[in-house]
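need a 3D model of the sequence below.
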Amino acid sequence: MARAVWRGKILAESEKTHVVEGNVYFPFDSLDFQYFEESPAHTRCIWKGKASYYDILVDGQRNTAAAWYYPAPWPLARKLKDHVAFWKEVEVEA
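Alright, predicted model coming up:
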């Protein structure tokens, strides 16, 4: 069971994750969306496509753009559709 935790709160927990380039991607249905807020941030990956981000909010603390996902991943990354990965002090236990 993989788990993503920040400030003691479980953000996501699932047995059905994908690991790509060392990042654990959690399915959307495993996220506790009370802690997520859309971020205006976007980046591009040469083989995955355009990434969108979420800010994480826990007990009044904001972790800006700490989670990312690919709304329309390119063909080589299609398994990442509807999955989210974390960074910026979010602890991922896999």
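
so in terms of bridging, what pairs with residue 56?
Per DSSP bridges, the residues bridged to residue 56 are residue 36, residue 63.

next, give phi and psi for residue 78.
Per-residue torsions, residue 78: phi -60, psi -30 (degrees, to the nearest 10).

swap in residue 74?
Dihedral angles (degrees, to the nearest 10) for residue 74: phi -70, psi 160.

separation between the closest residue to it other than its chain neighbours and residue 55?
Sequence neighbours aside, residue 49 is the residue nearest to residue 74 in space, at 4.3 Å (criterion: Cβ to Cβ, 6 or more residues apart in numbering). Backbone N, C-alpha and C define where each C-beta goes, glycine included. Between residue 49 and residue 55 the computed distance is 21 Å (Cβ to Cβ, to the nearest Å).

the residue nearest to residue 74 and residue 75 touch, don't they?
No - counting by Cβ atoms under 8 Å, residue 75 is not a contact partner of residue 49; they are 9.3 Å apart.

so for these two, which residue has more residues nearby?
Higher neighbour count among residue 49 and residue 75: residue 49, with 17 against 7, using other Cβ atoms under 10 Å.

for the more buried one, list the residues it contacts.
70, 72-74, 77 (Cβ atoms under 8 Å, 6 or more residues apart in numbering).

looking at it now. What's its pLDDT?
Note for residue 49: predicted pLDDT of 97.
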